[in-house]
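*Asks:* Test case, fold it:
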Amino acid sequence: MASSYVILALAIALEVAADVILEDTKGFTAVGPSLLTLVLFVASLVLFSRVLLSINLSVAYATWSAAGIIATTAASLVIFHDELSTAGGVGIVLLVIGVILVNL
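*Replies:* Reported below is the predicted structural model:
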């Protein structure tokens, strides 16, 4: 089961990388970033499907989604210097709490 969470973490990391690179695809008109984004998304989904062999969908998907949102938000703050509103910050805290509760 622990190795499933390692695979889930890798799936999340690949999805976040794809999200960040998506900015460079220019609406999927830039070939290189577009292909890399697609490869990363597919790889993420392949790994996620492996996770579902040992972790229930409800837990795995909630964790994948929330962790992806949190990590993508963090990446956008650091890389693109996006701003996070107070409401957005509260939402992130609630996501963290939700992920913890779903995994109990």
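*Asks:* outside of stretch 57-74, which residues touch it?
*Replies:* 8-9, 11-13, 15-16, 19-20, 48, 51-52, 82, 84, 88, 92, 95-96, 98-99, 102-103 (CB atoms under 8 Å, 6 or more residues apart in numbering). No exception for glycine: its C-beta is placed from N, CA and C like everyone else's.
*Asks:* next one: that stretch to chain centre, how far?
*Replies:* What separates the centre of stretch 57-74 from the centre of its chain is 6 Å, taken as CA atoms, centre = their mean, to the nearest Å.
*Asks:* tell me which residues in that stretch are buried?
*Replies:* Along stretch 57-74, these residues count as buried under the neighbour rule (16 or more other CB atoms under 10 Å): Ala60, Ala62, Thr63, Trp64, Ala66, Ala67, Gly68, Ile69, Ile70, Ala71, Thr72, Thr73.
*Asks:* so where's the chain shaky on pLDDT?
*Replies:* When the per-residue scores of the chain are filtered using pLDDT under 70, the ranges that remain are 1.
*Asks:* at 90 what do you get?
*Replies:* Within the chain, the segments meeting pLDDT under 90 span 1-2, 95-96, 98-104.
*Asks:* if we can go back for a sec, between the buried residues of stretch 57-74, which is nearest Lys26?
*Replies:* Sorting the buried residues of stretch 57-74 by distance to Lys26 puts Thr72 at the head of the list, at 18.6 Å, by CB to CB.
*Asks:* Figure out the helix or strand that the residue of the chain positioned farthest from its centre lives in.
*Replies:* Computed with CA atoms, centre = their mean, the residue of the chain farthest from its C-alpha average is Thr29, at 23.1 Å. Following DSSP states H and E, there is no helix or strand that holds Thr29.
*Asks:* Can you report phi and psi for it?
*Replies:* The phi/psi pair for Thr29 (degrees, to the nearest 10) reads phi -100, psi -20.
*Asks:* Now which of the contacts of stretch 57-74 would you call buried?
*Replies:* Among the contacts of stretch 57-74, the ones that count as buried by 16+ other CB under 10 Å are 8-9, 11-13, 15-16, 19-20, 48, 51, 92, 95, 99.
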